[in-house]
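In: Please work out how this folds:
(3 chains)
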Amino acid sequence: MTVTVPMTPELLLPPASPVTLLDPTGRAVPGDDHGLPGDDVLLALYRMMVLGRRFDTQATALTKQGRLAVYPSARGQEACQIGAVLALRAQDWLFPTYRDSMAVTARGVDPVQVLTLLRGDWHSGYDPYQHRVAPQCTPLATNALHGVGLARAAAIKGEDTVALVMLGDGATSEGDTHAALNFAAVWKSPVVFLIQNNGYAISVPLDKQTAAPSLAHKGIGYGIPATVVDGNDAAAVYAVVRRAVTSAAAGTGPVLIEALTYRMEAHTNADDATRYRSAGEVDGWLARDPVTRLREHLRDRGLLDEAAIAAVDAEAEAQAAALRQRMTTETRPDPDDLFRYVYAEPTRELRRQQRELAAELGRAR
Amino acid sequence: MPAFVLPDLGEGLTEAEIVSWHVQVGDVVAVDQDVVEVETAKAVVEIPVPFAGRVAELHASPGDLLAVGAPLITVSDDRTGSVADGESGAVLIGYGTPDARHRRQRPSRNGPPLPRTEQPSRPPGRVAVVSPIVRRLARNAGLDLAALSGSGPDGLVTRQDVERAIAARSAGAEQVVRIPLQGIRKIMADKLSRSRREIPEATVWVDADATELLRLRATLNADDAEPRISLLALLSRFAVLGLRRHPELNAKVEDDTIVMGASVHLGFAAQTDRGLLVPVIPDAQACTVEQLSAALADYTLRARKGTLGPADLTGGTFTINNYGVFGVDGSAAIINHPEVAILGIGRIIERPWIVDGQLVARHLTQLTLAFDHRVCDGQAAGGFLRFIADCVESPARILRYL
Amino acid sequence: MTAIAEHRGLATGSVVTMASALNQALSDSLGEDDSVLVFGEDVGTLGGVFRITDGLATEFGQTRVFDTPLSESGIVGTAIGMAMNGLRPVVEMQFDAFAYPAFEQITSHLAKLRNRTRGRVELPIVIRIPYGGGIGGVEHHCDSSEAYYTHTPGLRVVTPATPADAYVLLRQAISSPDPVIFLEPKRRYWSKETVCQQHGDIAMDRALVRRPGTDVTLIAYGGALATALEAAEAAEEDGRSAEVIDLRSLSPFDDETVTASVKRTGRAIVVHEASRFCGYGAEVAARLSEQCFHYLEAPVLRVAGFDIPYPPPHLEEYHLPSVGRILDAIDALQWQETAALAEVAG
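Out: From the prediction side, this is the model:
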């Protein structure tokens, strides 16, 4: 007879301080029972963060050049974006928000496909099933329920799949977050909820968003174990998400993770962040930069030398140049596509409307 | 105010020399506007600025060598300089209000309105009426819509149909039959109008004693040989012989040119239910009287049946017209454009005639020739007609010309 | 959409209620396709507040037929995730108005995910919603919200009016690759029908002429169909022959069947419980005006609920379309316009 330890309420509460494996200077912090990830993982984390950041800044530049309609940047949140995605297995699913383009590209989706939405050519540019990434969209927290449902279906089918649901601090106020946490817990679904708490929902700060002692504290209300992690410590994020994925996959139910981080750019390019936060606050977070932190750690340990750093930077530059190049090609979305995908087969009325538009465009030529 | 640095120009190039600036401090620049020309080891390139606004500072001068990544130009974020009046510029979630330039052209209004998906055709017993107002109009006038023929598509009864019906009834007018001038009728009508318009026509006529001709014909038809020899066939043969002597009458006028051919493609007027038709017997000059008889009969039958094709009705060079069948003597016929002459024969009846000084009853007929006076004069026309008359009066004489 | 080859669970000649027909349809679908799930509030152990899912949890187990926490948004949102992973959820919103919390999931995702992903994501989900009044229900239990769904591109909206058709339509809806809002007229759950083969299997997007006629076309659906048929019978006694059409599919709309009828009769009335302003009837009237204008003897009329929140039980009868109101509307169709001219002359 196996004896299972019942999950007492205390065990559900997050720890007193966030899980940290590397301090802001890159020095290893001892004492946490999450071991530091292996060297190969750390190097992979570093490389992917550099690539991810370069992708992010390139996308911001493209927006300034009018090549994208909008770009919600995740600069500053690289540790969450990369740490979480690298902790997933190939068979797992990612449910991103509109800010998680970096994570989506890290998962393997072609950056040009990722940017299709923001360019305005279509609502989503990639096949979700190819890399197991749900489409990005504007509504917040609705993706959480989709993740819970997908994970539940996997369990019903007997498949080993974990759904990683991304949420922001603002999204935790939406009703669908509540419903998703509740359903996931009742069903014991293999779902990991990752809240990237970057302190702001556009301009609304955390203290206007919740009165909870922390967002992780919400877990206990659903019977979900929760933890808090330093969201700018890629090693810690990786370790925490990895452990959560493993336990969810083992059938112990969902896990809630709150990662503390900061959004270095404004909400999007058209937002003026100086209206609601101070330069001093932004600078304070610069000192806690996630990429710098890991680089210093790896450099100190001799796992990275200048040549290696330069090589990664060059790789990032090359990718950015390739992206620029590919994004300069003029695209012409086909108006016929407006009618093609509304139903499995276009209805009679849709076919009529398609002909109407085609005739109108034909006459206009 | 961010400075735009010299970007990576590709292919491992690390520096470039400023050749010339296209802008100066204070200028307003737009995104992607070319602001500077630089020369690298490989080429001269234009560099577009990725920001819009007012140029605040140029960080290098022509001739300077600049490293990739060094500041190139600083542009202040002056939104009013870059966003046109009334436009929003970029908004939080999208490109913003569209530039008037990129707005799709309004489609032209040519072409028919787009049809709806196929609808079942008009159900029996239901009358399609263009609008309820028209329905009421008909009703107030006591008109049965079902009795009207609609002139709209698919028999749609239009306002005009109803108003016409009302007017026709109130005017007390009798039923007017409308026959459109179309098809073969129209072609003929156009041709006749054109003849009148273009051809300066003159006519000569002569009375001829056809008694001998009638006797000859009776002799020819005394046995059972087929085909029966017709008067028109005989006259046609005379005409062919006459045209040999006066070839200018077997011609057509094309663009100020008289075109004369050796062949006589003989047209003859045939009256049918559908109006006047002029079938053409090709190469009549090569036909015997028998052949002419057969051809005339065949073409006439086909004309009445309506089985003649366009080839049968075109290409004529001379026309012969037996209006005598209508019981009249003379006719100033209309030349069959683009021919130059038309020969006509009237009815043959007994009239008083002088033969050898004695007054006797003879079978007389009137022959007429209408001709294009541009092409021939009275001598030719008269000569031709006289010849025909001689043949009619003394048919045996044509043995001279066979 | 494939038509169901036979009413497998409905024996010809048997008498069924709409509730039992729906139950049979769910059972047959669960039995034939392992990917079908049925869930919602109280649908499992209880068998549904209207017993539509009675016995299904016992027969197919709690993994396939189960109760969820009380969250409509959660029901629809997780159904979307399940469909993304290859299952075919058939979920229930307990009452029409209770679906409103799920409205975002329905309109922002259920209706749009296929289009958003250019067809890679298919959501073969059925949302069953008991709708309409006529059961003396208190507030929030009698709404007719079909117009919100028909106005959302990407959704199919169907509504059976009779028991046998409820079986056919539900099985077709479950088989459809598109998301279907399945509106069940709750006042007809207990209506009975003897099953016969007469109208076999029409496609899910087709309307049905329930009663042929020559003078006027009554267009109805769901709970109002029976009222329209009753009115047609009464009109017959007045010497007016009414053709009654059961729309069945609200989105897409069967232009061909309806316009063929209206062109024959020249007069049309739409009957629905939902309030008139911007109600479903407005779309039907607009379409008939566009497509049948030249054949109309009178304007297209609508007999609908008033533009008020649904009344309390004791005032409900004044709101719902009644036989009398339909007959009044028929009388208002300008019959003098087509009376014999001789009569007018007098």
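
In: Show me how chain B divides into domains.
Out: Domain ranges of chain B: B:3-104, B:121-180, B:184-401, per automatic domain parsing.

In: out of those domains, deepest packed?
Out: Neighbour counts (mean count of other CB atoms under 10 Å in any protein chain shown) averaged over each of the domains of chain B peak at domain B:184-401, with a mean of 17. The way it works is simple: take the backbone N, C-alpha and C, and place the C-beta from them, glycine included.

In: follow-up on the earlier one: tabulate the domains of chain B (JSON lines), appending mean pLDDT and distance to residue A:351.
Out: Below are the domains of chain B laid out as JSON lines (pLDDT from 0 to 100; distance: least, CB to CB, whole Å):
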{"stretch": "domain B:3-104", "mean pLDDT": "75", "distance to residue A:351": "22"}
{"stretch": "domain B:121-180", "mean pLDDT": "81", "distance to residue A:351": "21"}
{"stretch": "domain B:184-401", "mean pLDDT": "91", "distance to residue A:351": "43"}
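
In: For those, give me a markdown table that also has distance to chain C.
Out: Below are the domains of chain B laid out as a markdown table (distance: least, CB to the nearest CB, whole Å):
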| stretch | distance to chain C |
| --- | --- |
| domain B:3-104 | 15 |
| domain B:121-180 | 4 |
| domain B:184-401 | 33 |
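
In: Out of these, which gets nearest to chain A?
Out: domain B:3-104 (4.4 Å; CB to the nearest CB).

In: any low-confidence regions in the chain?
Out: Looking at chain A here, since you left the chain open. A:1-7, A:364-365 (pLDDT under 70).

In: wait, I meant chain C there
Out: The model of chain C has pLDDT under 70 over residues C:1-8, C:197-200, C:340-346.

In: give me that answer again for 80
Out: Counting by pLDDT under 80, the ranges of chain C that qualify are C:1-9, C:197-201, C:336-346.

In: Write out the residues of it neighbouring chain B.
Out: Within chain C, the positions lying close to chain B (CB under 8 Å from any CB of the partner chain) are C:255-256, C:259-260, C:263-264, C:266, C:290-291, C:293-298, C:337, C:341, C:344-345.

In: Contacting chain A as well, which ones from those?
Out: Near chain A, by the rule CB under 8 Å from any CB, you find residue C:255 out of the residues of chain C next to chain B.

In: and of the domains of chain B, who's closest to residue C:172?
Out: Of all the domains of chain B, domain B:121-180 sits nearest to residue C:172, with 30.0 Å by CB to CB.

In: and the stretch 151-300 of chain A, which of its residues are near chain B?
Out: A:267-271.

In: Would you tell me what the next helix or strand after the strand ranked longest in chain B is?
Out: Scanning chain B for the longest strand, with DSSP state E as the assignment, gives strand B:358-372. Next in sequence after strand B:358-372, counting helices and strands by DSSP states H and E, comes helix B:378-393.

In: So which elements touch that next one?
Out: Applying 3 or more CB pairs under 8 Å, 6 or more residues apart in numbering or on different chains; DSSP states H and E, we find helix B:378-393 packed against strand B:201-209, helix B:211-220, helix B:231-245, strand B:341-345, strand B:358-372.

In: would JSON lines of the ones you listed with distance to residue A:312 be doable?
Out: Listed next are the helices and strands packed on helix B:378-393 as JSON lines, based on distance: least, CB to CB, whole Å:
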{"stretch": "strand B:201-209", "distance to residue A:312": "102"}
{"stretch": "helix B:211-220", "distance to residue A:312": "118"}
{"stretch": "helix B:231-245", "distance to residue A:312": "105"}
{"stretch": "strand B:341-345", "distance to residue A:312": "103"}
{"stretch": "strand B:358-372", "distance to residue A:312": "100"}
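
In: right, and the ones you listed - which one's nearest residue A:199?
Out: Shortest separation from residue A:199 across the helices and strands packed on helix B:378-393 is recorded for strand B:358-372, at 104.7 Å, computed as CB to CB.

In: Which strands or helices does that closest one pack on?
Out: strand B:201-209, helix B:211-220, strand B:341-345, strand B:349-355, helix B:378-393.

In: mind checking the SS state of residue B:320?
Out: Following DSSP: H, G, I helix; E, B strand; the rest coil, residue B:320 is assigned to strand.

In: Could I get the contacting residues of it?
Out: Residue B:320 makes contacts with B:232, B:235-236, B:239, B:266-269, B:342-345, as judged by CB atoms under 8 Å, 6 or more residues apart in numbering or on different chains.

In: okay, now the residue lying closest to residue C:103 once chain neighbours are set aside: neighbour count?
Out: Ranked by CB to CB, 6 or more residues apart in numbering or on different chains and with sequence neighbours excluded, the top spatial neighbour of residue C:103 is residue C:148, at 7.4 Å. The local packing of residue C:148 (other CB atoms under 10 Å in any protein chain shown) involves 17 other residues.

In: still on that earlier bit, can I get the contacts of residue B:320 in a markdown table including distance to chain A?
Out: Below are those laid out as a markdown table (distance: CB to the nearest CB, whole Å):
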| residue | distance to chain A |
| --- | --- |
| B:232 | 60 |
| B:235 | 63 |
| B:236 | 59 |
| B:239 | 60 |
| B:266 | 54 |
| B:267 | 50 |
| B:268 | 53 |
| B:269 | 51 |
| B:342 | 53 |
| B:343 | 58 |
| B:344 | 58 |
| B:345 | 62 |
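
In: Now do the contacts for the spatially most central residue of chain C.
Out: Chain C has residue C:159 as the residue nearest its centroid, 1.7 Å off, counting by CA atoms, centre = their mean. Residue C:159 sits next to C:131, C:146, C:169, C:182-185, C:221-222, C:247-248, C:250 when contact means CB under 8 Å, 6+ apart.

In: hmm, 6 Å instead?
Out: Counting by CB atoms under 6 Å, 6 or more residues apart in numbering or on different chains, residue C:159 touches C:183, C:221-222.

In: Good, wrapping up.
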